[in-house]
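**Q** Predicted model and sequence below, questions to follow.
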Amino acid sequence: MATFEQGSVSITVDEDGFMMEPEAWNEDVANALATTEGVNDLTEDHWKVVNYLRDYYLQFGVAPMIRKLCKQTGFQLKEIYELFPSGPAKGACKVAGLPKPTGCV
Amino acid sequence: MSKPAKTHKIKMMEEQLAKKLNRQVVGSLVGCVHCGMCNDCCHYVLTHPDDPKMTPSYKADQVRKLFKANHDWTGSVFPWWVGADKVPLTDDDLDTLKDIAFGTCTNCRRCTINCPMGVDTATLNRIMRGLLTNVGVMPEGVRVVSKDQWELGNQMGVLKEDYIDTLEWMSEELEEELGHGGAAIPLDKTGAKVMYAINPREVKYDPRTIKEAALIFWAAGENWTMPSEGWDNTNFGLFSGDDGLGGACAKREYDKARELGVDKIVISECGHGYRSTRHEGVNWSGEAEPFPMESSVMTMLRYIKEGKLVVDPTKNNQRVTFHDSCNNARSCGFYEEPRELLRLVTTDFQEMVPNRAEGFCCTGGGGAMSMSEYTPRRLKSGEIKANQIRATGAEVVVTSCHNCVDGLGDVIKHYGLGCEVKQLVDLVANALVIDECAVMKNRPAGAPRPEPPVVPAAESDVAAARVAAVAQPLAGRRILVVDDEEDIRTFLVTVFEDAGAEVMEAADGDECIERAATFKPDLISLDLSMPGKSGVDAFVELRKTPGIQEIPVCVVTGHPEFRQVIYDRPVPAPEGYLNKPVDEGKLVSYVAHIIEIRDERAN
């Protein structure tokens, strides 16, 4: 466990930089976490992805399949990778305040 | 002060250990002389030089102590000397053991192959993991994933309908890109020849590799299918040491393949998935090897060799290097094939050093990607890999393992290397010249696919020449085979001639020198132990004689112990060294590789 601090944001994260207390997430946290994933400015498109991931996680307790993410947000797979260079699992999920996805990722 | 009594868990671990003791395990338990050779092999030791707890022998000693205390006479005669008096007693000790077994070793086996005593330290560490898992002590990440794999049949808890939905999605995208139908992924197709098993990471987060594989199977005209169940080629049993889970995962794949009546399982580029499905799973599940199983790397290479796929390497023009997955290279001896394939589909391949069986771990092996608590140490140990990657100047690191993709991705990000990670499937799919592939050439009359455009003759010739070069990797090469045994000469001559080479034979050292001068071979395959002038003497003379001293030499010997003798000579070392018996496929690709390197240097 570690503390991630940036500006006014101070959150508890795991050793891979994912939030340990997803309920502490807010937009400032998302902006701060995004900088660690090579995204310095969260655009409307980024927020569409982040909000979907967030809502799905709060409802089901897991990250959605990439299929669902693309279907619901209308983005193509390659667009997700353009938005989040580290990909949906490590990039987008981290910014959305989800815990680290389980398994070989 | 009296010692606490052993807890129930410790007693269970001792009982369990007794069941794991076979000859190889006992050999590894008693064989270690603590010489320290393994220290220089381990990426944890090299990056934590002041921490003795990182040494492979220390990690293996954790099991060794239990063994000595319970099963070895030394433990009862002088327990203080062999560590038998320091066995774990309390459940707190188990947490320490967990951190050692899961957090300081990726079971990459680099220490194992470099141990002069043949001690399999990685197996001992896996046994410790298994003993702990059996009493419920394991990192949370491993527990969650193992549970999903037991209960839902795949390590990421993907539901069947979501899996099928994703395959349909990829089919639609593929057909849309091709501009016509007919390329959809066949699901549960009875009577297909090939069943393709993947890593759940592909379906859950990054199905681009599924689409690429589908394109490749389609273009090659393969009769293939993806199964609706038994599709997860990964296996957390390998990581947790739980042979029961290992067997269950592998059996799901075997059972489904049998049900569909396929000839073969093709395993997508996943190092531990390949090892678990192709090798370990057969033992864990107690099944006789049911049918051929191969890595998709072999499949793609074969399609190109057979002319079913035609590729244009100039479509992948970036500088690439190759990272060997520990499981593929060290545990399964499979490292020439990806290189052969890489040379066919890229134009600028730079070897990472060390490589093949000696390559260092990506840091993500042994399930490390699922154990965040050890990430800082893991990333620190990645300094070695980072330096190696940096030295190649590569823009793309290619690997044949999903775990390595993520492990390397972390290392690249942490050390600011700025390169991409790709798999061979990405590069092959990108290099395809679809209009020249089997599916377009063999399509039945009146089929609804568009006519392939007329390819200019010159380009077709280039493609044909490319295929020929693969089918006969030694075409136009001259090889001198030196061996005193006629049977072996005949074998080697046949193998080289079949690969397209012109071959001359020599039966001893004197003939070798004489024919090297007259025949001017591109390479000499040299036996060491021969009557008259030995191979070692002939080798030294070759190296010292102007006119023939530049000829590459590949030693092929039944005496691996001569390696040191020949490398100690005050002349440049041989370009290759193979032990008999030699696998003919390996021999050809190895020799072709040596000649290629010589050509590259000459240019």
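**A** Yes, it's here. All figures in this text were calculated on a predicted structure; none of them were measured in a lab.

**Q** Which stretches in the stretch 351-500 of chain B count as strands?
**A** Along the stretch 351-500 of chain B, the segments classed as strands by DSSP state E, counting those that start in this stretch run B:396-399, B:420-422, B:478-482.

**Q** What is the second one packed up against?
**A** The reference is to strand B:420-422. The helices and strands touching strand B:420-422, judged by 3 or more Cβ pairs under 8 Å, 6 or more residues apart in numbering or on different chains; DSSP states H and E, are strand B:396-399, helix B:402-414. All C-beta spots, glycine's among them, are computed from the backbone N, C-alpha and C.

**Q** Point me to the residue of chain A nearest chain B.
**A** Nearest to chain B, among the residues of chain A, is residue A:15, at 3.8 Å (Cβ to the nearest Cβ).

**Q** Could you check the pLDDT of that residue?
**A** Residue A:15 is assigned a predicted lDDT (pLDDT) of 94.

**Q** circling back: adding mean pLDDT, mean neighbour count and distance to residue B:558, write the strands of the stretch 351-500 of chain B out as CSV.
**A** What follows is those, written out as CSV (pLDDT from 0 to 100; neighbours: other Cβ atoms under 10 Å in any protein chain shown; distance: least, Cβ to Cβ, whole Å):
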stretch, mean pLDDT, mean neighbour count, distance to residue B:558
strand B:396-399, 98, 24, 34
strand B:420-422, 97, 19, 40
strand B:478-482, 95, 25, 14
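
**Q** Now distance to residue A:104 too, for those strands, in CSV please.
**A** Output for the strands of the stretch 351-500 of chain B, formatted as CSV (distance: least, Cβ to Cβ, whole Å):
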stretch, distance to residue A:104
strand B:396-399, 13
strand B:420-422, 14
strand B:478-482, 43
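
**Q** Need the phi and psi values for the residue of chain A closest to chain B.
**A** The phi and psi values for residue A:15, taken as degrees, to the nearest 10, are phi -70, psi -10.

**Q** Name all residues that make contact with it.
**A** Applying Cβ atoms under 8 Å, 6 or more residues apart in numbering or on different chains to residue A:15 gives the contacts A:1, A:2, B:372, B:373, B:374, B:375, B:376.

**Q** ok, for it, nearest residue in space, not its chain neighbours?
**A** Among residues not flanking residue A:15 along the chain, residue B:375 sits closest, at 3.8 Å (Cβ to Cβ, 6 or more residues apart in numbering or on different chains).

**Q** Quick check, pLDDT for that neighbour.
**A** pLDDT, residue B:375: 96.

**Q** ok, now residue B:460?
**A** 47.

**Q** got it, and residue B:568?
**A** For residue B:568, the pLDDT comes out at 76.

**Q** For it, give its distance to chain A.
**A** Distance, residue B:568 to chain A, by Cβ to the nearest Cβ, to the nearest Å: 43 Å.

**Q** now do residue B:115
**A** 28 Å.

**Q** any idea whether that residue is helix, strand or coil?
**A** On the three-state scheme (DSSP: H, G, I helix; E, B strand; the rest coil), residue B:115 is labelled coil.

**Q** do the same with residue B:147
**A** On the three-state scheme (three-state DSSP), residue B:147 is labelled helix.

**Q** How far off centre is whichever helix or strand residue A:53 is part of?
**A** Assigned by DSSP states H and E, residue A:53 belongs to helix A:44-60. Mean-position distance between helix A:44-60 and its chain equals 8 Å (Cα atoms, centre = their mean, to the nearest Å).

**Q** Check stretch A:80-87 too.
**A** The answer for stretch A:80-87 is 11 Å, by Cα atoms, centre = their mean.

**Q** What's the mean pLDDT across it?
**A** 94.

**Q** Buried residues, it. List them.
**A** A:80, A:81, A:83, A:84, A:86, A:87 (16 or more other Cβ atoms under 10 Å in any protein chain shown).

**Q** quick revisit: of the strands of the stretch 351-500 of chain B, which is nearest residue B:433?
**A** Of all the strands of the stretch 351-500 of chain B, it is strand B:420-422 that lies closest to residue B:433, at 19.2 Å by Cβ to Cβ.

**Q** and chain A, which of its residues are near chain B?
**A** With Cβ under 8 Å from any Cβ of the partner chain as the criterion, chain A meets chain B at residues A:14-16, A:18, A:62, A:65-68, A:70-71, A:77-78, A:86-90, A:100-105.

**Q** ok, which stretches of the stretch 501-603 of chain B are helices?
**A** Using DSSP state H, counting those that start in this stretch, the helices of the stretch 501-603 of chain B run over residues B:509-519, B:535-544, B:562-567, B:584-602.

**Q** Make JSON lines out of those and add mean neighbour count and distance to residue B:243.
**A** JSON lines is the format used below for those (neighbours: other Cβ atoms under 10 Å in any protein chain shown; distance: least, Cβ to Cβ, whole Å):
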{"stretch": "helix B:509-519", "mean neighbour count": "18", "distance to residue B:243": "50"}
{"stretch": "helix B:535-544", "mean neighbour count": "20", "distance to residue B:243": "44"}
{"stretch": "helix B:562-567", "mean neighbour count": "14", "distance to residue B:243": "35"}
{"stretch": "helix B:584-602", "mean neighbour count": "16", "distance to residue B:243": "30"}
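
**Q** wait, what's in contact with residue B:198?
**A** Each residue near residue B:198 by Cβ under 8 Å, 6+ apart is listed here: B:209, B:210, B:213, B:226, B:231, B:232, B:233, B:268, B:270.

**Q** Tally up the residues packed near the third one, please.
**A** Just to be clear, that refers to residue B:213. Around residue B:213 there are 28 other residues, counting by other Cβ atoms under 10 Å in any protein chain shown.

**Q** Now do it, the pLDDT please.
**A** pLDDT, residue B:213: 98.

**Q** Any chance of the backbone angles for residue B:203?
**A** phi -80, psi -30.

**Q** Check whether it really touches residue A:65, as I assumed.
**A** Yes - if you go by Cβ atoms under 8 Å, residue B:203 and residue A:65 touch, sitting 7.4 Å apart.

**Q** Identify the contacts common to those two.
**A** Contact criterion Cβ under 8 Å, 6+ apart; residues shared by residue B:203 and residue A:65: B:158, B:162, B:166.

**Q** a markdown table for these, including distance to chain A, secondary structure and neighbour count?
**A** As requested, the shared contacts of residue B:203 and residue A:65 are exported to a markdown table (distance: Cβ to the nearest Cβ, whole Å; DSSP: H, G, I helix; E, B strand; the rest coil; neighbours: other Cβ atoms under 10 Å in any protein chain shown):
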| residue | distance to chain A | secondary structure | neighbour count |
| --- | --- | --- | --- |
| B:158 | 7 | coil | 21 |
| B:162 | 5 | helix | 17 |
| B:166 | 5 | helix | 22 |
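
**Q** Many thanks, I have nothing further to ask.
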